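In: pasting the structure only:
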């Protein structure tokens, strides 16, 4: 199956700093990537959908200026948490599909990144 | 709007026995897919089984099978011969053909006991 990686797997940062998380599709071209946030014992919450070469589409209630998403190539999307605060501490998961969102394509998930903001 | 509901927050089963996890969904679309994902303690999401809405035959993958009741909008997962490695969070999810967004249920935490 297709492989999606995330880097780093866990990161600890100080309040007020920015953190960048990378999501890469290793063996396929991902025209669309998704970013999720997950709190302990809870479900995945979709934050945004990113398409290569265009602006990300954010879900309602997600701050665009706080969570910057860049899908610069067909194999890489990044999520930058700007001016992080303790409430941003969470588990962030990306997924990727090949092809566009107009037809079904299986989502392949990355292993996730645990962010802790002190 | 698409919704997925899992009403069993936690379940447990003895090793080698069978367990069924429940899921109901709601959508106005005719073409959609339903999934069960497993999230073990490693937190890596793993696709367990997939069902296309237009297929009447229930999907099966080895020890995993579904009971897809389209009229009732029900999509339960049966795990036969439960193994310790089946211990995980299980999420039911749906996607419509146009849109690409996976809608997840709340999850069911399954514990398989020796």
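Out: Structure's in. What do you need? All of these numbers come straight from a predicted model, not from anything done at the bench.
In: Show me the strands in the chain, by range?
Out: With no chain named, the answer covers chain A. A:4-7, A:10-13, A:19-25, A:32-38, A:44-51, A:57-58, A:67-73, A:76-81, A:90-97, A:108-109, A:113-117 (DSSP state E).
In: that's the other chain; I wanted chain B
Out: B:3-5, B:10-14, B:19-21, B:24-26, B:32-39, B:46-52, B:60-61, B:64-69, B:74-79, B:88-96, B:103-104, B:108-113.
In: What's the local residue count around residue B:60?
Out: 12 (other CB atoms under 10 Å in any protein chain shown). Any C-beta I mention is one placed from the backbone N, CA and C, and that applies to glycine too.
In: residues in contact with residue 114?
Out: Picking chain A for this. By CB atoms under 8 Å, 6 or more residues apart in numbering or on different chains, residue A:114 lies in contact with A:9-11, A:90-92.
In: wait, chain B
Out: Residue B:114 touches B:15, B:84, counting by CB under 8 Å, 6+ apart.
In: Let's have the strands of chain B in CSV, adding mean pLDDT.
Out: Below are the strands of chain B laid out as CSV (pLDDT from 0 to 100):
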stretch, mean pLDDT
strand B:3-5, 96
strand B:10-14, 97
strand B:19-21, 98
strand B:24-26, 97
strand B:32-39, 95
strand B:46-52, 94
strand B:60-61, 96
strand B:64-69, 97
strand B:74-79, 98
strand B:88-96, 95
strand B:103-104, 94
strand B:108-113, 98
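In: Cool, thanks, signing off.
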